[in-house]
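1. need the 3D shape of this:
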Amino acid sequence: MAKLYSWNVNGLRSCGSRGFLDWFKKQSADVVCLQEIKVKPEQLEPDLKNPQKYHAYWHPAQKPGYSGVALFCKKEPMNIRYGIGDKKIDAEGRVLTAEFKNFTVINSYFPNSRRDHSRLPFKLQFCKLFNKYVEKERAKGKSVLLCADWNIAHTEIDLKNPKSNVKNAGFLPEERTWLSGFLQKGYVDTFRHFNKEPGHYTWWSYRPGVRERNIGWRLDYFLIDDESKKRLKSAHHQNDVMGSDHCPVRLEIRD
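-> Modelled structure (predicted):
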């Protein structure tokens, strides 16, 4: 059995001061993927740079205090790949791939379209190139696990107030249409494979009372290629874990 976690930490140093290491120690994870780390590894204290002496891999953004992804794993991967081969996208530290014996993990942080939709074209270009990259990985014949802050609430049950958010970033028709098309290429939303009920979210505004009242969005999830869905054991949200405006999500697969 393999246990994998994905978490947008909204700044690893900030999350580190709010209990990240205690959380990490309790999980006994095989793989932990982080998004929006907002830091370069050389800026971190040793315990955050290599928690529990895991193998640690980093793809920070060139811009200080912005974006970036990281991956920690118990076993050393067979291969690590940084980025997707596009100079502009890779400068923002958005994709990190780790290939293991029985599966490949692609850890991603999707762009935010912004309130004024000014980055929607960039996001859609990212989505297009991400799709090509993932299909190349999938063609190698190994199980592909995709974890990300997708910055997309896919359907109306994936956010508390869908009708009032139709024109807002993260729930735009263009974003949702892309994700629907991507899933139709043969990927399984692992959380929805087990749970089709509304009211399950992974991101909440920092505004007072919002998280307590569960007024949220589901933006963080694992996908798996359709051929490998028989390996799924469980998928759930750790929405009681604080430290970020997102909560961790967990996936268990039969290894």
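
2. any low-confidence regions in the stretch 101-250 of the chain?
-> For the stretch 101-250 of the chain, no stretch has pLDDT under 70.

3. all strands for it, in order.
-> For the stretch 101-250 of the chain, strands defined by DSSP state E, counting those that start in this stretch occupy the ranges 103-109, 143-149, 187-189, 203-204, 216-217, 220-225, 232-237, 249-253.

4. Lys3: which of the ones you listed is closest?
-> The stretch from the strands of the stretch 101-250 of the chain with the least distance to Lys3 (Cβ to Cβ) is strand 249-253; that distance is 5.5 Å. Yep, even glycine has a C-beta here, placed from its N, CA and C like the rest.

5. from the opening residue of stretch 130-149 to its closing one, how far?
-> 14 Å (Cα to Cα, to the nearest Å).

6. buried residues in it?
-> Neighbour-count burial for stretch 130-149 flags 130, 133-134, 137-138, 142-149 (criterion: 16 or more other Cβ atoms under 10 Å).

7. could I get the strands of the stretch 101-250 of the chain as TSV with distance to Pro173?
-> Listed next are the strands of the stretch 101-250 of the chain as TSV, based on distance: least, Cβ to Cβ, whole Å:
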stretch	distance to Pro173
strand 103-109	22
strand 143-149	20
strand 187-189	19
strand 203-204	20
strand 216-217	16
strand 220-225	20
strand 232-237	26
strand 249-253	25
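
8. ok, which of those strands comes nearest Ile84?
-> So among the strands of the stretch 101-250 of the chain, strand 103-109 is nearest, using Cβ to Cβ, at 8.9 Å.

9. which neighbouring elements make contact with the closest one?
-> In terms of contacts (3 or more Cβ pairs under 8 Å, 6 or more residues apart in numbering; DSSP states H and E), strand 103-109 is packed against strand 2-8, strand 31-35, strand 69-73, strand 95-99, helix 120-138, strand 143-149.

10. mind running it again at 7 Å?
-> strand 31-35, strand 69-73, strand 95-99, helix 120-138, strand 143-149 (3 or more Cβ pairs under 7 Å, 6 or more residues apart in numbering; DSSP states H and E).
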